[in-house]
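Student: predicted model and sequence follow; I will ask about them next.
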Amino acid sequence: MSAARLPVVLLTAIVLAFAAAGCGGGDDGGNGESASPAPVDVWMASVCGAFVNWGKSLQAGVQDLGSATRDSKNLKSYKATFVTTLEGAEESSGEMVEKVKEAGPPDLAQGEAIQDDLVSTLEKIPESFSRAADKAKDLPTSDRQSFANGVRPLSEDLEESLSTVSDEFNSLSDRYQSPEIDDAKDGEPACQQFSTAG
């Protein structure tokens, strides 16, 4: 069922897109609202660690949906799994944002600004998944074609929304150049793990 595979491909693409962007060039910003500034290397480890865990959670959701796709004769059951996957992505994305907040701003001159911009950008991710999950609950299950016709625009909207977030995320590197962040990223195993997680 090609339409059933579309969400799997989309969620995989999300993991890959953020793996390519994540910790990739000093664009990761501080987090944690009024927390004390954290040493840059400690902050980087926390942020990349949050991204790694988030990526693993998304990949687990992709695998679950993939299993459901192989046994997708029952559209109602598949729809339920699709909704659950999107809700799980919303939840894990929210947890990732909270972990990034908890890291606090990096101990840099622009640390608070980096934190605010990064968090405000990342917060759009669970919002995007939440909107998609709400739309998925209304998908018709009378026949495969109707289901496919509903999934297609939903997936396209989600992809466009997350692509916009990814662009904003990447633009942070242009706004905040920091050799300290680059050095911390290069020396942090979690950042390397996330960068190759796709």
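Tutor: Good, I have the coordinates. Computed from a predicted structure; not experimentally measured. Numbering: from 1, shown residues only.

Student: so how far is V83 from the residue lying closest to M44 once chain neighbours are set aside?
Tutor: Using CB to CB, 6 or more residues apart in numbering and skipping the chain neighbours, the partner closest in space to M44 is A184 (3.9 Å). Glycine gets a C-beta too; all of them are placed from N, C-alpha and C. Counting by CB to CB, to the nearest Å, the gap from A184 to V83 is 39 Å.

Student: ok, now Q115?
Tutor: 33 Å.

Student: one more: V47?
Tutor: 30 Å.

Student: okay, those two: which has more neighbours?
Tutor: Comparing V47 with V83 by neighbour count (other CB atoms under 10 Å), the higher total belongs to V47, at 31 against 18.

Student: surely the more buried one touches K101?
Tutor: No. Counting by CB atoms under 8 Å, no contact exists between V47 and K101, whose distance comes to 10.3 Å.

Student: now do the SS call for the nearest residue to A190 once chain neighbours are set aside.
Tutor: Closest residue to A190 apart from its sequence neighbours, by CB to CB, 6+ apart: C48 at 3.9 Å. For C48, the assignment made with DSSP: H, G, I helix; E, B strand; the rest coil gives helix.

Student: give me the neighbour count for C48.
Tutor: C48: 25 surrounding residues under other CB under 10 Å.

Student: burial count for K73?
Tutor: There are 9 residues near K73, going by other CB under 10 Å.

Student: mind checking how far it is from S120?
Tutor: For K73, the distance to S120 (CB to CB) stands at 43 Å.

Student: now E159
Tutor: Look at E159 and S120: by CB to CB, they are 21 Å apart.

Student: and Q59, by the same measure?
Tutor: When distance is defined by CB to CB, Q59 is 26 Å away from S120.

Student: in terms of neighbours, single out the busier of those two.
Tutor: With other CB under 10 Å as the criterion, Q59 and S120 differ in neighbour count, and Q59 comes out ahead with 16 against 12.

Student: now that one: which helix or strand?
Tutor: Here Q59 is covered by helix 40-70, with elements defined by DSSP states H and E.

Student: which neighbouring elements make contact with that helix?
Tutor: Applying 3 or more CB pairs under 8 Å, 6 or more residues apart in numbering; DSSP states H and E, we find helix 40-70 packed against helix 2-21, helix 75-102, helix 179-186, helix 189-195.

Student: next, the angle helix 75-102 makes with it.
Tutor: Per axes from the mean of the first three to the mean of the last three CA atoms, to 10 degrees, the angle that helix 40-70 makes with helix 75-102 is 180 degrees.
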